[in-house]
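Engineer: any chance you could fold what I've pasted below:
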Amino acid sequence: MSHAQSMGAAHAVGARNSDATDGTIPTNTTAVETNPGCPLMPTYGPPSVMFVRGSGSELFDRDGKRYLDFLAGLAVVSLGHSHPAVGAAISEQANTLQHVSNLFATEPQVEVAQTLDRLNGGGGQVFFCNSGAEANEAAIKLARRYGGHGRHVVISAFRSFHGRTLATLHATGQPEKHEVFQPLPEGFRHVEFGNADELERMIDPSVCAVLLETVQGEGGVNPLPAGYLEAVRKICDERDILLMIDEVQTGLARTGEWFGYQHWPVRPDVVTMAKALGNGMPIGAVWAPKEIAASFKPGDHATTFGGQPLATSAARAVLRTMEAMDAPATVNRVGGELMAKLVDVDGVRSVRGLGLLLAAELDEGIDARAVATTCLSRGLVLNAVTPTALRLAPPFVLTSEEIDEGLAIMGAAIADERSTTPAKGH
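Structural biologist: Below you'll find the model as predicted:
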């Protein structure tokens, strides 16, 4: 069967009545909301679209409608949808070796660990898990093991996002997300993002680590201010505490460097990553220099599925492909073009971010969530990262023509939202 035929078959299988009541998820939002048989818990709200296939920067729903993807599954499918090298790697591995547990090593696991170590400067070791939250959970445990009894506190920034497990939720600097899950695990403090003086004042003998994002993604796509990371590195060195960098969203060339921290002359003690590493396969990882990684002893931490062959074979293909294409250079080129054109969109007040992780701040009075909803209805996938800003994190394979097409849809959606917004004071 040809690729086109297989895609057509997939579409035919998915092409069910949009008003289904058999427990399947309809394409239409209203139908989902009124469908008592929807099998998904309401943690994300009603799904508005069911996608059935994708290629590169394009997605297709089960009605055959085409969408441009400017979100890449929340910065996950950086090489684009259905990348042939990743698909071939998963298929071959699935027919070779699927799982043996971490009591044993596998070839793709070892190669991926070696590559990640090299991209982080060498001299380190890697722990594999299944997601970004798990990577940050492992980093927190590593920091506590390194600090020893009595040194267990991790300091992170307000508006940060580090995961949804109980510990990583508390590390996340968004108190509004904490309340309904209290009591949360103790040992976390939050400081103003970018304020080194406040950070230093918060450190006492109980602190074992600082956990930071180089660009706050969920917090609004806010890069670290100039000089801040260097100041934090100095503070951590003076106090013998770990500097841990959350690269779950920013890692693997998303910002125009292999890792976001590499925009500054700083080497962290721990780096966490996930998202783009598997281009859609669930995988996370933690890197640390060997002398810090040695804080973990056999039995201190584990996960059954972390680093299993299917996931690491996908990651191996991702890393090989990214290195062959010089992903950081590609991101700087595509991201530079996207930013240059984005600032010229009528209704965009400013643009911030790094590489292909950008936020478009809209003019006063324009509802970013309404704009995102209109964009989706017209075939453009992005999201409102704040009530006033849109997040764009497209695949690295985005073309100039797709940039122009997507921004035309976005500009028209902004214009429509502006036309329906009452004038200030009315």
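Engineer: per-domain residue ranges of the chain.
Structural biologist: 49-82+327-420, 85-325 (automatic domain parsing).
Engineer: give me the pLDDT value at residue 20.
Structural biologist: Note for residue 20: predicted pLDDT of 40.
Engineer: find the nearest non-adjacent residue to the residue nearest to the spatial centre of the chain, please.
Structural biologist: Geometric centre of the chain, nearest residue: residue 249, 3.2 Å, by CA atoms, centre = their mean. Among residues not flanking residue 249 along the chain, residue 217 sits closest, at 4.4 Å (CB to CB, 6 or more residues apart in numbering). Placement of C-beta: from N, CA and C, glycine included.
Engineer: residue 159 is in contact with the one you found, correct?
Structural biologist: No. Taking CB atoms under 8 Å as the definition, residue 217 is not a contact partner of residue 159, at 10.1 Å.
Engineer: between the two, which is the more surrounded one?
Structural biologist: residue 217 (25 against 18; other CB atoms under 10 Å).
Engineer: who's in contact with the more buried one?
Structural biologist: 75, 161, 249-250, 357, 385, 391 (CB atoms under 8 Å, 6 or more residues apart in numbering).
Engineer: please tell me how far it sits from residue 65.
Structural biologist: Going from residue 217 to residue 65 by CB to CB, to the nearest Å gives 28 Å.
Engineer: quick revisit: for the residue nearest to residue 249, give its distance to residue 172.
Structural biologist: Distance from residue 217 to residue 172, by CB to CB: 11 Å.
Engineer: shared neighbours of these two, anything?
Structural biologist: Joint contacts of residue 217 and residue 172 (CB under 8 Å, 6+ apart) are residue 161.
Engineer: helix, strand, or coil at residue 210?
Structural biologist: Counting by DSSP: H, G, I helix; E, B strand; the rest coil, the backbone at residue 210 sits in strand.
Engineer: same question for stretch 318-333, mean pLDDT?
Structural biologist: Across stretch 318-333, the per-residue pLDDT values average to 98.
Engineer: 2 is where my numbering starts, stick with that
Structural biologist: That works, and once the first residue is 2, the last one we named lands at stretch 319-334.
Engineer: hmm, who's touching that stretch?
Structural biologist: For stretch 319-334, the external contacting residues (CB under 8 Å, 6+ apart) are 79-80, 84, 86-87, 113, 116-117, 120, 253-259, 277-280, 356-357, 397.
Engineer: out of these, which sit inside strands?
Structural biologist: With strands defined by DSSP state E, no entry of the contacts of stretch 319-334 lies inside them.
Engineer: now, those residues that are in helices?
Structural biologist: Counted as lying in helices by DSSP state H, out of the contacts of stretch 319-334, are 86-87, 113, 116-117, 120.
Engineer: residue 153 and residue 159: what is the separation?
Structural biologist: Distance of residue 153 to residue 159, given as CB to CB: 21 Å.
Engineer: more crowded one of those two?
Structural biologist: A count of neighbours by other CB under 10 Å puts residue 153 above the other of residue 153 and residue 159, at 19 against 15.
Engineer: check which residues of stretch 77-90 are buried.
Structural biologist: The neighbour-count check on stretch 77-90 (16 or more other CB atoms under 10 Å) flags 77-84, 86-87, 90 as buried.
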